[in-house]
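Trainee: Build me a structure from this.
(2 chains, ligands or ions: 1)
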Amino acid sequence: MNDRRIGVYMCYCGGNISDYVDVERVRETIANEPGVVVAKTAQSACSDATQQEMIQDIQEQNLDALVVASCSPKLHTFTFRGAARRAGLNPYQYTQVNVREQCSWTHTDDREGATKKAINLIRAGIGRTMLTEPLEPIRIETVPQVLVVGGGIAGLRASLGLADIGLSVLLVEKSPSVGGWVDRWGTMYSHGKNGKQLIAQLVDEAKQRKNIILLTGAELVEKSGSMGNFMVRIRVSGQKEDITANVGAIIIATGFDSYHPGEGEYGYGIDGVVTLPEFKELLDRYDGIPIRDGKQIMDVVYIYCVGSRQDESQENPNLYCSRYCCNAAVHSSILVAEKNPRAHQYHLYRDIRTYGKYELLYDQSLETGSTYLRFGDDEPPVVEKCSDGKVKVTVKDLLTFGEEVEIKADVVVLVTGMVPRRNDELVTLLKLPVGRDRFFNEIHPKLRPVETMVDGVLICGACQGPKNSTETVASALAAATQSASILKKGYVELDPLMASVNPELCDGCGECVAACPYAAIEMEEDQGKKVASVNRAGCKGCGGCVPVCPRDAIDLKGYTDAQIKSMIDGLLKEIV
Amino acid sequence: MAGQAIDDKGISPRILVFSTNNISDPGIDLAGSSHMHYPPTVVVISVPCTSGIKPEWILYAVEKGFDGVFLAADGEECAYLPDCTARTSHIVQDAQELLGQKGFEPQRVRMSGICSVCAAPFVNHMKEFSEALIKLGSARNPAPASGRPGNDVPQH
Ligand SMILES: Cc1cc2nc3c(=O)[nH]c(=O)nc-3n(C[C@H](O)[C@H](O)[C@H](O)COP(=O)(O)OP(=O)(O)OC[C@H]3O[C@@H](n4cnc5c(N)ncnc54)[C@H](O)[C@@H]3O)c2cc1C
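Mentor: A predicted model of the protein is given here:
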């Protein structure tokens, strides 16, 4: 064996791992593995204190490699590479072992099995680490321009933020005009500003910035390259030639769709039953008493949670809470009361969530005469058409111990939630990760809330999940600053994932040259012999050339033949 | 235990999964974060792309003690190689040939496309593959019904 000095740190993850894996037993077993000099456990390996401890151990014990067994490598690879680097270790001498997503969380029913698996996963990690060599990341010069896809309030605000940081912006909006949903709204909560005016103001500001190019009726149709330098092709409707450009990062701000109730869902389809956005647009058209079909709106019923928190037995249910809708419906009722103080309004809800300062809206709606009734999940209100043109709603009110209440309304508002907007082509083109709720997925909700698994592609606004415009703009500015933190340095560092040829074994057959679609392998003279050689800038690190070599002369750095075999050995080692 | 395939000795087959860093591994992670279950005898090695897997690694894994090897491929989604599926199938074929030469059943290696949200499909694959491997018997002590001579790890 070799004489590596490895430090292994095993994380409890505050119970996420330790509730299902006997972490201390894992540590004891691992401490006896060859090459392991330090074996420790931590409540939270990613905490500053534990990182500090790692750095101290590396320096004091002269460690030359690091293994951290905690969550998925997607979450903290950079955290621990950073710790290794700060301790003076080459960051590629560290291996992340996934004992949470691929162990504790998926074997919550088998503590013994999970504990043994954790031991062998870490052994594989050690096996790989034994054979690591110091590597240097690949540097790519970055292009100081960002592509923003979607010109709603998120895309517009992100563009202004980017422009002000000094990055050029290409803002691409699919529809003929920018603004998204906010461009439809009149008075909005929580500031009482007019949505259309807000958008007009943002568009005006965008026009004043020389470094923002705004394209409407436009779509992204092609992307190549990688973080720091993507090539993008944009098709503008009515124009023959596509526009191509180079950008360093891409921000996706494609927003949401409003839930479309099914025919007959809470009476949808009956004249007088409308969705919240339909009602909001109707309200915004009137300064005085709102009118529908020539009649003043006097009695309004709101039915909450339509299309949200759906029953699991339904086909493709929306299990999530859309979070914006309680506030938006309560706010609409305040607007109704302002426009028509004599109106009667009834809110039929399952639960009300006017979180944070929006609680004041709820108070205000009570003061302006709204009545709240609560229905049970199993007994939703029944909506029927009446002969006099009104709509009858029958509900069992849990707040009055199940009293059955009948209301005749002019308008029944279905408080519809947000659903993901269908954007299949964009998803395919960018390989955007989609979550279980079918909204776009960030890497980590707390630590990396606007980055995606695709390096250099960021997300913000309601394409990520239900958000009101305040939350939308906050995430838009986060995406802008995060892009700047990638691009302002002038270069990005990519993993030095690269194939390398052993010239002693290579017999110059050229199979690998033919197998590489990136033309990253060329034939070279080496000591009088023709051998293959990999070009650092062209190689994407897929490893596709590795199995085609008849002489076993190619290895992918970080995934060498010896490392994979050593991992397999570790995974199979008996546990005594 | 939910959804686990166990043979009559209470042992579930050892399966090595090769996943890909950017696509199938996140799908397998999602199975975990959704608390879906598959047997802990399933372990994963993640690589950039399944087109980079050597058939010899698959043979090595079976010779050393895995009962089956599963390639969780990117399929159409592969960011590296447009012909990734064809390449990976080719690797599987080569591996099957190698396994055959050493007296192992070709059914011990399987591939399927696993996307970044394919948590449930992955869990189902593990269940089905485990069941198929139980029928086949362990790679070290095959079930008599499989018809393969009952030698231990073949050396030839
Ligand atoms: C009825 C209702 C009332 C509301 N009231 C309020 C309120 O009072 N206060 C408040 O704070 N919030 C309110 N909201 C929430 C607010 O509308 C959202 O927070 C906001 O619209 C989200 O902005 P966005 O830019 O993320 O998405 P969107 O507004 O959906 O904009 C997305 C944009 O991207 C474009 N796009 C989509 N796909 C592509 C593509 N592939 N290529 C190019 N462009 C694309 C779309 O055309 C659109 O212009 C309300 C919402 C509703 C439904």
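
Trainee: Just give the nearest non-adjacent residue to A:Asp388, would you?
Mentor: Among residues not flanking A:Asp388 along the chain, A:Lys408 sits closest, at 8.0 Å (CB to CB, 6 or more residues apart in numbering or on different chains). (Glycine included, C-beta is placed from N, CA and C.)

Trainee: So, low pLDDT: which residues of the stretch 451-576 of chain A?
Mentor: Within the stretch 451-576 of chain A, the segments meeting pLDDT under 70 span A:537.

Trainee: Find the nearest non-adjacent residue to the closest residue to chain A within chain B, please.
Mentor: Here the residue of chain B nearest chain A is B:Gly52; by CB to the nearest CB that distance is 2.2 Å. Nearest non-adjacent residue to B:Gly52, counting by CB to CB, 6+ apart: A:Gly543, 2.2 Å away.

Trainee: how far away is the residue of chain B closest to chain A from B:Met111?
Mentor: 14 Å (CB to CB, to the nearest Å).

Trainee: Work out for me the element A:Ser190 sits within.
Mentor: Following DSSP states H and E, one finds A:Ser190 outside all helices and strands.

Trainee: which residue does chain B bring closest to the ligand?
Mentor: B:Glu77 (18.5 Å; CB to the nearest ligand atom).

Trainee: who's in contact with that residue?
Mentor: A:431, B:23, B:113, B:115-116 (CB atoms under 8 Å, 6 or more residues apart in numbering or on different chains).

Trainee: Check what pLDDT it gets.
Mentor: For B:Glu77, the model assigns a pLDDT of 74.

Trainee: repeat for B:Ile6
Mentor: 70.

Trainee: My assumption is that it lies in a helix; please confirm.
Mentor: No - assessed with DSSP: H, G, I helix; E, B strand; the rest coil, B:Ile6 is coil; it does not lie in a helix.

Trainee: domains for chain A, by residue range?
Mentor: Domain assignment for chain A, taken from automatic domain parsing, gives A:6-135+A:562-572, A:145-255+A:421-492, A:262-417, A:499-557.

Trainee: picking that back up, does the residue nearest to B:Gly52 count as helix, strand or coil?
Mentor: Strictly by three-state DSSP, A:Gly543 counts as coil.

Trainee: quick one: contacts for it?
Mentor: Counting by CB under 8 Å, 6+ apart, A:Gly543 touches A:499, A:556, A:559, B:47-49, B:51-53.

Trainee: And B:Glu56, by the same measure?
Mentor: A:552, A:561, B:98.

Trainee: try 10 Å this time
Mentor: A:547, A:552, A:561, A:564-565, B:63, B:94-95, B:98 (CB atoms under 10 Å, 6 or more residues apart in numbering or on different chains).

Trainee: From the residues you listed, list the ones also adjacent to the ligand.
Mentor: Among the contacts of B:Glu56, no residue is within reach of the ligand (CB under 6 Å from any ligand atom).

Trainee: could the residues you listed go into TSV alongside secondary structure and neighbour count?
Mentor: Converted to TSV, the contacts of B:Glu56 look like this (DSSP: H, G, I helix; E, B strand; the rest coil; neighbours: other CB atoms under 10 Å in any protein chain shown):
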residue	secondary structure	neighbour count
A:Pro547	coil	23
A:Asp552	coil	13
A:Asp561	helix	17
A:Ile564	helix	27
A:Lys565	helix	18
B:Glu63	helix	19
B:Asp94	helix	17
B:Ala95	helix	27
B:Leu98	helix	20
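
Trainee: the strands in the stretch 301-450 of chain A, which residues?
Mentor: Here the stretch 301-450 of chain A has its strands, by DSSP state E, counting those that start in this stretch, at A:344-349, A:371-374, A:382-385, A:391-397, A:403-409, A:411-416, A:418-420.

Trainee: between the ones you listed, which gets nearest to A:Leu167?
Mentor: Proximity to A:Leu167, assessed across the strands of the stretch 301-450 of chain A by CB to CB, is greatest for strand A:418-420 (28.0 Å).

Trainee: What lies in contact with that closest one?
Mentor: Contact with strand A:418-420 is made by A:181, A:254-260, A:307-308, A:318, A:320, A:322-325, A:427, A:434-435, A:437-440, A:462-468, as judged by CB under 10 Å, 6+ apart.

Trainee: what residues are up against the residue of the stretch 201-350 of chain A found nearest the ligand?
Mentor: Nearest to the ligand in the stretch 201-350 of chain A, going by CB to the nearest ligand atom, is A:Gly255, at a distance of 2.0 Å. Contacts for A:Gly255 were tallied using CB under 10 Å, 6+ apart; they are A:150-155, A:180-182, A:418, A:420-421, A:423, A:461-464, A:467, A:472.
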